[in-house]
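Only the shape, not the letters, is given here:
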């Protein structure tokens with residue numbers, strides 16, 4: 001997944017981002033398999049954050065559609081962040097059984113929420129759809145379309 005300096009940013013994005021989304025889905029499937037420790041889930045949170053920020057770099061090119069597509073990723077990042085917070089606080093409060101029990105209960109709820117969000121995010125056909133969106137590159141803007149249409153009218157006169 002190397003960036004090729006001879007290609008435009010959009011050409012590079014269309015080649016690199018579909019591969020990146022594939023790796024992200026692979027990491028997410030592993031994180032959601034129910035066998036991951038809190039630290040491993042935190043590592044997936046970091047991957048989620050990096051993935052989101054990478055895609056956000058291309059918002060000016062891809063436009064509002066990509067911004068809308070990022071909402072579930074933002075939500076995954078939030079729930080994973082809360083899950084990590086509960087884990088760290090629980091460790092900090094060692095010996096405080098009542099507080100630890102409360103945090104464990106909250107952590108279980110957040111873990112369930114993560115699994116539900118991931119299941120929805122990774123539902124049938126979603127990886128393929130994401131790859132298609134990213135490989136297609138930016139949608140042509142309405143203003144660019146209008147300019148082409150206006151040019152074609154003046155040329156055909």
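Sure thing, it's come through. Treat the numbers as computed from the prediction; the structure is a model and nothing was measured. Residues are numbered from 1 along each chain as shown.

quick one: contacts of the helix or strand where residue 52 lies?
Assigned by DSSP states H and E, residue 52 falls within helix 38-57. Around helix 38-57, the neighbours that count as contacts under C-beta atoms under 8 Å, 6 or more residues apart in numbering are 17, 20-21, 24, 27-28, 30-31, 36, 66, 70, 73-74, 76-77, 80-81, 83-84, 87, 111, 114. Quick note: C-beta positions are derived from backbone N, CA and C, even for glycine.

The helix or strand just after that helix: which residues count as buried?
Moving toward the C-terminus from helix 38-57, the next helix or strand (DSSP H and E) is helix 59-62. Buried residues in helix 59-62, defined by neighbour count with 16 or more other C-beta atoms under 10 Å: residue 62.

ok, and what's touching the longest helix along the chain?
The longest helix of the chain (DSSP state H) is helix 97-121. For helix 97-121, contacts defined as C-beta under 8 Å, 6+ apart pick out 28, 31-32, 34, 41, 72-73, 75-76, 79-80, 82-83, 86-87, 89-90, 93-94.

Give me the buried positions along that helix.
Within helix 97-121, the residues that count as buried by 16+ other C-beta under 10 Å are 100, 103, 106, 107, 110, 111, 113, 114, 117, 118, 121.

where does the chain have low pLDDT?
Low-confidence segments of the chain (pLDDT under 70): 1, 139-157.

Tell me which residue is most central in it.
For the chain, the residue nearest the mean C-alpha position is residue 73 (3.8 Å; C-alpha atoms, centre = their mean).

which helices and strands sit right next to the helix or strand containing residue 20?
For residue 20, the host element (DSSP H and E) is helix 9-31. Helices and strands touching helix 9-31, by 3 or more C-beta pairs under 8 Å, 6 or more residues apart in numbering; DSSP states H and E, are helix 38-57, helix 59-62, helix 97-121, helix 126-136.

Present those as JSON lines; the columns should include distance to residue 7.
As requested, the helices and strands packed on helix 9-31 are exported to JSON lines (distance: least, C-beta to C-beta, whole Å):
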{"stretch": "helix 38-57", "distance to residue 7": "16"}
{"stretch": "helix 59-62", "distance to residue 7": "13"}
{"stretch": "helix 97-121", "distance to residue 7": "30"}
{"stretch": "helix 126-136", "distance to residue 7": "14"}
